[in-house]
Each structure stands twice: as C-alpha cells, then as structure tokens.
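# Here is my input; please provide its structure:
(chains A and B)
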Amino acid sequence: MRSELKTMLIFSSPALIFGIFLLYMLAWDYYFSFINWSLFNPIPQFVGLQTYAKIFSNSITVASLERSIILAALLVVAGNVVGILFAGLLFFLRNNTQRNVYLSILIYPLAMPMIANAFIWLWLYNVEYGLDYVFKIIGLPSINWLGPQNAFWSIFLVTVWAYSGLAVIFYLAMLMNVPSSVIDAARVDGAGTLTVYLRILLPNVRGALIISSALLFLFALRIFSLPYGMVALNPFVETAVINLYWDYISEHFAEATAIAGVVIAIAVAVVVPYALYGLKRWIIQG
Amino acid sequence: MITMVNARSIVHQLILAIIIVAWLIPLYAMVINSFKSNLAAQTTPVLLPSGFLINNIISVAQSLAYGLINSAIVVLPVVVISTFLGSLAAFGFYRLKHWLSDLLFTLVAIGTFIPYEVAAVPLVKIMVYLGLFNSYAGLILAYLIFFVPTGALLMAIFISVIPKDYMEMAYIDGASDFTVFTRVVLPLAMPGVIATAIYILIMSWNNFFIPLVLVESPGLRPIALAVQKYIGGYGVLYNETYAGSLIAAIVPLVIFIFLGRYFVKGLLAFGAGVKG
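Numbers count the residues shown, from 1 in each chain, chains lettered A, B, ... in the order given. Predicted coordinates for the structure are as follows:
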C-alpha cells in the first residue's frame, strides 16, 4: 500500500501541479470576492458577503445568472429529446456505414470553433439574406431572429444544433449495447418497433439520460463565444460568464470574482456527483 | 405486408434525410459563401450558391495565416504535454485504490468541466505576475491548466478498461512501474491515447476565451480569436465572414472528417461507451 501510494504520487505529481494551479485560481476567486479590491481601493478590506449582496441586487447580473441556468436547463431537455429521437432513428438503420456517417453529421458542430458557428448563424439569421429570404418566398412571415424579443431563443436554437449530438452518441452507444436477444424476445411476442423502443430499449439506457444531462448542463454553463459572436456584449441576451467578462473588462474585479464564485459553486455541484457516482462507477465496473 | 414494410422504411429514411439536411445547412452555407465574389455577396441570399471564385477565400486566408501559425505553436505542445502527463497521472490513480485517488479524480473532473471563464481574473493576474501575459508561453501554461486534467480524466477511463491480467503478469516478471506503463499500458491503451490527443487538439484549437483574456497583441492571436476581425457587424460582406469561419474551422474540421471516430471515442469516454 505504501509503495503504491508512492507510485501514485510520483506518476501523478506532474499533472497535479496543474490541478493545484487550478485550485489556487478558484481559491483566489473566493478570497477576492470577500474583499473590496478594485482600482479605486488600493488598500483592500474584508467586506464579507457585501460583494455577493451587490451582484444579487444588480438586475443585469441576476438576469444573466437566471438566463444561464434557463439556457442550461432548456438545453438539457431539448438535448435529451433530440438524443432519444435521433438515436432511435439511427439505431434502427440496417446499414452501419449510413449510421456512422449520419452520426458524424450530427456531431460535427461540436468539433467546429463555436465562434465560427456563431458567425455562420449570424448571417443565416440575417433578415435580408438569411433564412428569412426563403421564408418570404414560401410565404412565411419573416422573423427578426436577433431582435431583442427573439435573440435568446435564436441562440438557444443554435445551441440545440451544436450540442445535441452529444446526447445522440450516448443514447446510441447504450442502445447498441442492449443484447439483441432482449429485442428479439419482444419481437416474438409481437411488439412493434415503437413499442420495442419505448418499452424495452429506453428503460435500458437510463445511464445515457444521466450522462447527457450532466454534460449538456456543464457545456451550456461555459457557452461564451456563441452569444458573444452573434450579439456581442448585449446585456439583454448575455449569459453569466459573459456578464463576468463584462465586469472584468470594466475593472469591477470584486464583482467578477463573486460571479465566478457563484458559477464555480453551480459547476462543482454538478461535476462532483457526476465524477464520483457516474464516471467512477463505470471505471470500477470496467 | 411487404409494401407496408417498404412504406415504413421510406418514411424512416425520409425523416432522417430531413434531419441530416437541416444539420448540414450551416456547413453548406459556410462553404458556398466562402467562394462568392463581393458582388454575389451583395446580391444573392446565403442559402443560394453563386459561382465558385477563390479570390475571396484566398485573401481572407492570407490575412489569417498568422492565426493558424499561432494556433499550431500553442496547441501542439499542449496536446503532447496534456496527453503524456495525463496518461502518467491516470496510471497513478489506477494503481491505487485509495480515497486519495478518488479525490484527485474529482479534481481532474473539475478541471475538465469547470467553465474557463471563472479563471479570467486570477489567470490574468497570475500571468502578469509571472511575466507571461501576452506571450505564447502564457497561453500554453493557461491551456495546460485545463487540458492536463482533461488528459488525466480521459486516460483514467481508457486505462481502466485494460485487462488487469496483462499488468499483473508484467509485475510478476519483475517489471518496474515505469516499464509496465511504457511497455504494457501505453501500447494497450494506444487507441485511447490517440482519442485523448485528438479531443484535446480539437478543443484547444477551438478555444476562444483563454486567448481573449490573455493576449493583447493582435499578432499573437490564435485563429479562433484572430477571426474576430471578420465579425464587423452587418457592414462587412458576408462572404468574408464565412471565409473567416472556414479558415478558423478548417483544421479541426479536416481532423474530424478523417479521425472523427477518435473524437467520438473521446466524447464517449465521458459517458459509458468506452467499450464500444
């Protein structure tokens, strides 16, 4: 045991330096969120929760935090719906090549820089040259996609396009692992494809629901360049991390670290159970 | 009966075809519009092709070439170091069943998934303090803080599926930990090593936020940040914006087209599908 502990420390220590660096930065955020350090306060003092009280009384910051959580929750729901639907359609394909090609097409937005995705959609949403041009021809009303009323929903639509592929791969991978004897047994009993999918297969892939939800939530929480590239620093559409960046560039450092404190708490509350009860469990089973 | 089965499979294929076409529209728009002339960009909508002229993409590529070079300078060391140190650490966790390895595993998971943006203020202050603000070295160090944990997390998952017997046999033969790591673990986990490297390559190449706060000189910007100059609001012609997006996306996109299965394997490792 002792020698194995030594082995672990020797092998892990180079990587741990970076982990400690990260922890140090997170601790730094919390430390500075409790003191009133700014350019106007050369001698910082401990102010307790005052900065937190300040950010929670700032309606733009509160709205951005709510927006981030709503966006994450909506993406979790939409991503799982898309995942269940598309993975089912792909699962019942007979041709493996077709399935793999289609799966790649659903995932490619994740491999693209999100800033490039933002630019592509910026012009697709243009009222003159974009999707509205086609809408006009086929007689649909044109939509002011990035107008103040619609921008949040238009950006949400892009996140569904960009991130849902994640859920599809987890559902599909788990569906492929369901023993075919289970499906055949249900078929013999005369169950149709839809019944087999809903009653037999989906209950077997509950793990995909947990994994997809955790990952979609975490990916959603860090969404920055999509809204930044499409509507820049717009206080009516910005997410919490964009609000944090705004406080940073306007040199409201204490506020920025307090927002970071809140975002870290939300992220850690999802990551820790996911790592210990999700990932770790599979590792031990493996 | 046969016609019913046929009708169902036609509907099945049709629904899938609609989804696939919808998913491809942005890629299609990016490609056709990158090759439009300025005149076509002012007179045609983004969904209709109009000629195939390379002038636009060439001029945008020339003005963004430095961004591609910057990205390569920063990302290649990050990929190599993150994958290697991550593999070492993962082997360390694997050797020991102890609460400490659970703790470290949780720490690398936090490093992998925490939003980069929370580090904005401390990262800049630390880099200024170290004299690494606005430099390649600072960027590389900052990426490593997030991608070494990513490497460790992914490799921990890939190493855990190697059959234990292989390692036990090597230990019985008197091999040292390091020999087991280089001769047994790395070769057996090679597809996992490649998947980890490809995942880190694509994710770090595409990272936007870290250089946004750490780089001041336009000449040091990696491609994902450099492309920003083509945002320009609606005054800029869209063929330039699309060509900029294509240049920013070309490296990860080509890697995805040829080695996409490794990228998917990396993503799957975050879930349960490592055996697939």
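
# Need the nearest residue in space to residue 24, chain neighbours excluded.
In the absence of a named chain, this looks at chain A. Here the nearest residue to residue A:24 in space, its sequence neighbours aside, is residue B:122; by C-beta to C-beta, 6 or more residues apart in numbering or on different chains that works out to 7.7 Å. C-beta here means a position set from N, CA and C on the backbone, and glycine is covered the same way.

# My question was about chain B, not that one.
Nearest in space to residue B:24, with sequence neighbours left out and distances taken as C-beta to C-beta, 6+ apart, is residue A:105 at 6.1 Å.

# Run through the residues that contact residue A:109.
Residues counted as contacts of residue A:109 (C-beta atoms under 8 Å, 6 or more residues apart in numbering or on different chains) are A:117, A:161-163, A:165, B:23, B:26.

# so which of the residues you listed comes closest to residue B:184?
Of all the contacts of residue A:109, residue B:184 sits closest to residue A:165, with 34.4 Å by C-beta to C-beta.

# Surely the closest one forms part of a helix?
Yes - checked against DSSP: H, G, I helix; E, B strand; the rest coil, residue A:165 lies within a helix.

# and it, what does it touch?
By C-beta under 8 Å, 6+ apart, residue A:165 lies in contact with A:103, A:106-110.

# coming back round to it: so which of the contacts of residue A:109 wins on neighbours?
Each of those was scored by neighbours using other C-beta atoms under 10 Å in any protein chain shown; the highest score is residue A:117's, at 27 neighbours.

# Wait, the residue nearest to residue B:24 touches residue B:20, no?
Yes - counting by C-beta atoms under 8 Å, a contact exists between residue A:105 and residue B:20, whose distance comes to 5.4 Å.

# Tell me, how many residues neighbour the residue nearest to residue B:24?
Residue crowding around residue A:105 was assessed by other C-beta under 10 Å; the count is 16.

# now residue A:230
Look at residue A:230: counted by other C-beta under 10 Å, it has 25 neighbours.

# That one should be in a strand, yeah?
No - Residue A:230 sits outside any strand when classified using three-state DSSP, being helix.

# and it, what does it touch?
Residues in contact with residue A:230 (C-beta under 8 Å, 6+ apart) are A:118, A:121-122, A:125, A:146, A:151, A:154-155, A:158.

# 7 Å - rerun?
A:118, A:121-122, A:146, A:155 (C-beta atoms under 7 Å, 6 or more residues apart in numbering or on different chains).

# coming back round to it: which of the contacts of residue A:165 tops the neighbour count?
Scoring the contacts of residue A:165 on neighbours with other C-beta under 10 Å, the highest-scoring entry is residue A:106 at 25 neighbours.

# Is that one in contact with residue A:168, as I believe?
Yes - under the criterion of C-beta atoms under 7 Å, residue A:106 makes contact with residue A:168 at 5.2 Å.

# hey, what's in contact with both of these two?
Among the neighbours of residue A:106, those also in contact with residue A:168 (C-beta under 7 Å, 6+ apart) are residue A:86.

# now the stretch 101-250 of chain B, which segments are flagged as low pLDDT?
Within the stretch 101-250 of chain B, the ranges that satisfy pLDDT under 70 run B:232-235.

# go with 80
Filtered on pLDDT under 80, the stretch 101-250 of chain B yields the residue ranges B:101, B:231-236.

# now the helices for it?
Here the stretch 101-250 of chain B has its helices, by DSSP state H, counting those that start in this stretch, at B:120-130, B:136-160, B:164-172, B:177-179, B:186-188, B:190-205, B:209-214, B:223-226, B:238-269.

# Residue 5 is in what secondary structure piece?
Assuming you mean chain A. In this structure, residue A:5 sits in helix A:2-33 according to DSSP states H and E.

# could you do chain B instead?
When the helices and strands are read off by DSSP H and E, the one containing residue B:5 is helix B:2-34.

# just to revisit the earlier point, past the helix holding residue A:5, which element shows up next along the chain?
Following helix A:2-33 toward the C-terminus (DSSP H and E): helix A:50-57.

# if we can go back for a sec, so the residue nearest to residue A:24 touches residue A:27, yeah?
No - when contacts are counted by C-beta under 7 Å, residue B:122 is not listed as touching residue A:27 (8.7 Å).

# For the residue nearest to residue A:112 when sequence neighbours are not counted, list the residues it contacts.
With C-beta to C-beta, 6+ apart as the measure, residue B:249 is the residue that lies nearest to residue A:112, at 4.8 Å, once sequence neighbours are left out. Under the criterion of C-beta under 7 Å, 6+ apart, the contact list for residue B:249 reads A:112-113, A:116.

# just to revisit the earlier point, from the helices of the stretch 101-250 of chain B, which stretch is densest packed?
helix B:223-226 (a mean of 27; mean count of other C-beta atoms under 10 Å in any protein chain shown).

# Is it in proximity to chain A?
Yes - using C-beta under 7 Å from any C-beta of the partner chain, helix B:223-226 comes into contact with chain A via residue B:224.

# Output that helix as PDB, restricted to C-alpha atoms.
As requested, C-alpha coordinates have been extracted for helix B:223-226 and formatted as PDB (Å, rounded to 0.1, in the frame of the first residue of the first chain):
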ATOM      1  CA  ILE B 223      -7.000  31.500 -35.200                       C
ATOM      2  CA  ALA B 224     -10.200  31.300 -33.200                       C
ATOM      3  CA  LEU B 225      -9.600  34.700 -31.800                       C
ATOM      4  CA  ALA B 226      -8.000  36.200 -34.900                       C
END
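
# Would you mind pulling up the elements that that helix packs against?
Using 3 or more C-beta pairs under 7 Å, 6 or more residues apart in numbering or on different chains; DSSP states H and E as the contact definition, the elements that helix B:223-226 packs against are helix B:55-95, helix B:238-269.

# so how far is that helix from its chain's centroid?
Once both centres are worked out by C-alpha atoms, centre = their mean, to the nearest Å, helix B:223-226 turns out to sit 14 Å from its chain's centre.

# Kindly report the same for stretch B:75-91.
The chain centroid and the centroid of stretch B:75-91 are separated by 14 Å under C-alpha atoms, centre = their mean.

# list the buried ones in it?
Neighbour counts over stretch B:75-91 (16 or more other C-beta atoms under 10 Å in any protein chain shown) mark B:75, B:78-79, B:81-91 as buried.

# Return the closest of the contacts of residue A:109 with respect to residue B:150.
Using C-beta to C-beta as the measure, the one of the contacts of residue A:109 that approaches residue B:150 most closely is residue A:163, at 17.5 Å.

# can you list contacts of stretch B:48-60?
Counting by C-beta under 7 Å, 6+ apart, stretch B:48-60 makes contact with B:32, B:34-37, B:40, B:44, B:239-240, B:243-244, B:246-247, all of which sit outside it.

# now check stretch A:130-139, is it near chain B?
Yes - judged by C-beta under 7 Å from any C-beta, stretch A:130-139 comes into contact with chain B through A:130, A:133-134.

# Dump that stretch to PDB, restricted to CA.
Once non-C-alpha atoms are left out, stretch A:130-139 reads as follows in PDB (Å, rounded to 0.1, in the frame of the first residue of the first chain):
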ATOM      1  CA  GLY A 130     -30.600  34.600 -44.400                       C
ATOM      2  CA  LEU A 131     -33.400  32.100 -43.700                       C
ATOM      3  CA  ASP A 132     -35.900  35.000 -43.900                       C
ATOM      4  CA  TYR A 133     -35.200  35.200 -47.700                       C
ATOM      5  CA  VAL A 134     -36.500  31.600 -48.100                       C
ATOM      6  CA  PHE A 135     -39.400  32.300 -45.600                       C
ATOM      7  CA  LYS A 136     -40.500  35.200 -47.800                       C
ATOM      8  CA  ILE A 137     -40.500  33.100 -51.000                       C
ATOM      9  CA  ILE A 138     -42.600  30.300 -49.400                       C
ATOM     10  CA  GLY A 139     -45.000  32.800 -47.800                       C
END
